[in-house]
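K.L.:
quick one: sequence plus predicted model below, questions after.
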Amino acid sequence: MIDELWKDYVPESTRESDFDAFWEETKLESKKQPLEVRLTDIPYPISSIHAQKLTFNGFNGTDIAGFYLKPDSVKENLPCLLVLHGYGGNKGSIANYAKYLMMGYAVVALDTRGHGESANGSYPAGGTGSWVTQGILDPRTYYYRHVYMDVIRAMDVIETLPELDHERIVIYGASMGGGIALAVAGLDNRASFVIADVPNMCDLPLAIQLKMEGSLVSVEQFLRQYPNQLKQVFKTLSYFDNKNLVENINCPVRFSAGGKDSICPPQTIYGVYNLITTEKDIIYYPFSGHDLPGSISHTDHLITMLSEYVTERVTES
């Protein structure tokens with residue numbers, strides 16, 4: 001059922017000559033900024049869940065908010081699931097994470113900057129009213145530079161929590177969250193497992209060319225307004241495109257893709273998947289769209305993967 005034209009498709013790199021230096025300087029800049037972690041208890045009617053609101057300084061001091069959730073029965077050596085939501089969404093309800101807590105995970109669920117309870121920061125350009133175009137004329141001011149670093153800083157936060165097993169950090173995201181998960185794993189080697197459902201930020205020139213739906217439509221709108229900025233926009237995007245980031249991933253990765261997905265088309269996802277050299281797997285649903293992560297069968301598949309991962313790691317240790 002997979003189109004042979006893109007099952008083996010490998011996109012060309014669009015890395016700029018200063019790509020690695022750009023990210024090394026960005027990470028160094030982030031490390032110099034204080035985290036200022038704040039945890040506040042949240043009264044919750046399910047007594048087996050210890051719920052806290054997490055707040056910390058994201059990149060350039062922007063307040064990032066989320067949940068820190070633990071199963072009350074386990075006090076130490078907890079594997080951690082770092083959960084990242086989709087574009088325009090938020091971290092949702094504590095109840096959404098009960099299944100992971102029942103499996104023995106602690107959960108850090110973030111609101112991406114500009115979403116939910118997280119602040120957005122300020123950006124010098126981006127006239128379409130969408131996060132994806134904010135600061136897009138310079139990679140140093142671009143929205144996703146801040147987003148990727150916010151999540152790397154969340155990894156820094158996780159390392160300050162002594163009850164967590166810092167060798168068992170799983171990043172899970174869908175759509176925008178899946179794209180961020182891949183980028184962070186490419187920039188930071190602390191994740192031990194990554195699950196990226198229908199990820200965005202994959203092979204961006206092709207994704208925009210396909211004229212699909214979703215956040216990248218705002219990039220098209222921006223370019224219609226400012227056609228003279230075409231070269232600069234694609235240069236900026238190249239620093240954040242997962243096809244240029246994933247070659248450094250060193251942990252197992254699990255993908256999903258939907259054949260009818262008009263927001264994160266499978267061609268772009270397979271292109272990035274084919275570039276990964278570590279242990280990997282992809283599950284393809286030929287008749288599913290972008291709502292794939294919420295389907296019953298895929299939810300059960302996700303739970304099975306997470307359960308097997310915990311069992312395997314405990315056995316190894």
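P.N.:
Noted; the coordinates are in hand. Numbers count the residues shown, from 1 in each chain.

K.L.:
from now on I want contacts and neighbour counts done on CA atoms only, so please keep to that.
P.N.:
Will do.

K.L.:
ok, the closest residue to Y284 other than its chain neighbours - contacts?
P.N.:
Nearest-residue entry for Y284: A257, 5.0 Å, with adjacent residues in sequence omitted and distances by CA to CA, 6 or more residues apart in numbering. Residues near A257 by CA atoms under 8 Å, 6 or more residues apart in numbering: 197-198, 265-266, 269, 282-285, 292.

K.L.:
equivalent analysis for I171, please.
P.N.:
Contacts of I171 by CA under 8 Å, 6+ apart are 81-84, 181, 191, 193-195.

K.L.:
which parts of the stretch 1-150 of the chain are strands?
P.N.:
Counting by DSSP state E, counting those that start in this stretch, the segments of the stretch 1-150 of the chain that form strands are 38-41, 49-57, 63-71, 78-84, 106-110.

K.L.:
pick the most deeply packed of those strands.
P.N.:
strand 106-110 (a mean of 27; mean count of other CA atoms under 10 Å).

K.L.:
list the helices and strands it packs on?
P.N.:
In this structure, strand 106-110 packs against strand 63-71, strand 78-84, helix 98-102, with contacts taken as 3 or more CA pairs under 8 Å, 6 or more residues apart in numbering; DSSP states H and E.

K.L.:
next, format the ones you listed as a markdown table and append distance to V217 and mean pLDDT.
P.N.:
Listed next are those as a markdown table, based on distance: least, CA to CA, whole Å; pLDDT from 0 to 100:
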| stretch | distance to V217 | mean pLDDT |
| --- | --- | --- |
| strand 63-71 | 26 | 98 |
| strand 78-84 | 22 | 97 |
| helix 98-102 | 34 | 95 |
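
K.L.:
which stretch among these comes nearest D150?
P.N.:
With CA to CA as the criterion, D150 lies closest to strand 63-71 of those, at 7.5 Å.

K.L.:
next, the angle strand 106-110 makes with the closest one.
P.N.:
Orientation check (axes from the mean of the first three to the mean of the last three CA atoms, to 10 degrees): strand 63-71 against strand 106-110 gives 160 degrees.

K.L.:
list the pairing partners of strand 63-71 within its sheet, with orientation.
P.N.:
Strand pairing for strand 63-71, determined by DSSP bridges: strand 49-57 (antiparallel), strand 106-110 (antiparallel).

K.L.:
including mean pLDDT, could those go into TSV?
P.N.:
Shown next, in TSV, are the strands paired with strand 63-71 (pLDDT from 0 to 100):
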stretch	mean pLDDT
strand 49-57	98
strand 106-110	98
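
K.L.:
of all the ones you listed, which lies closest to A98?
P.N.:
Relative to A98, the nearest member of the strands paired with strand 63-71 by CA to CA is strand 49-57, separated by 7.9 Å.

K.L.:
which residues touch that closest one?
P.N.:
By CA under 8 Å, 6+ apart, strand 49-57 touches 34-44, 63-72, 94, 98, 101, 157.

K.L.:
go on, stretch 201-221?
P.N.:
By CA under 8 Å, 6+ apart, stretch 201-221 touches 11, 87, 128, 130, 132-133, 176, 179-180, 234, 237-238, 240-243, 262-265, 268-269, 271-272.

K.L.:
same deal with stretch 269-285?
P.N.:
Counting by CA under 8 Å, 6+ apart, 6-11, 198-200, 202-203, 242-243, 246-247, 249-259 sit against stretch 269-285.
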